[in-house]
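*Asks:* With the sequence up front, the predicted model follows.
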Amino acid sequence: MNDVVVKAVAVIAIFGIGVFVASSGGCAVDTNKATRALNAMGIHDVTFGGYAWMACDKNDTFASTFKGTGADGAPVSGAVCQGAFKNITVRFD
């Protein structure tokens, strides 16, 4: 094989691995930290979903959807974002 084909296969493989990791939850926030942040806001009974596409800032590495119950008993949902060198950011739907 020539070098161009080898490089193209390598790029496709790396892209495929990235898509697999992102779709399998490999880019999920630290749920312990996220739960503590949501609890501090009065949100309880928190459950996390999949990756929160397009919900967070470009500096956020990790993003997960969440659902919970607010302090007033009403359901709340949104995304929890986290960067490699920053803490949790909560974004509501």
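*Replies:* Received it, and whenever you're ready, just let me know what you need. Numbering: from 1, shown residues only.
*Asks:* Just want the most central residue of this structure.
*Replies:* In the chain, the C-alpha nearest the mean C-alpha coordinate belongs to Ala63, at 1.7 Å (Cα atoms, centre = their mean).
*Asks:* That one and Asn2, how far apart?
*Replies:* 39 Å (Cβ to Cβ, to the nearest Å). Just so you know, the C-beta spots here come from the backbone N, C-alpha and C atoms, and that holds for glycine as well.
*Asks:* Also Phe92?
*Replies:* According to Cβ to Cβ, Phe92 and Asn2 sit 52 Å apart.
*Asks:* more neighbours, those two?
*Replies:* Phe92 (11 against 7; other Cβ atoms under 10 Å).
*Asks:* Note down every partner strand of the helix or strand harbouring Phe48 and its orientation.
*Replies:* Remark: Phe48 resides in strand 44-51, with elements defined by DSSP states H and E. Strand 44-51 sits in its sheet next to strand 62-69 (antiparallel), going by DSSP bridges.
*Asks:* quick one: buried residues of the partner strand?
*Replies:* 62-66, 68 (16 or more other Cβ atoms under 10 Å).
*Asks:* Past it, which element shows up next along the chain?
*Replies:* Criterion used, DSSP H and E; the element after strand 62-69 is strand 75-82.
*Asks:* Let me know the angle separating that next one from strand 62-69.
*Replies:* Between strand 75-82 and strand 62-69, the angle comes out at 160 degrees (axes from the mean of the first three to the mean of the last three Cα atoms, to 10 degrees).
*Asks:* Let me see the contact set for Ala34.
*Replies:* Applying Cβ atoms under 8 Å, 6 or more residues apart in numbering to Ala34 gives the contacts 46, 48, 64, 66, 80, 82, 88.
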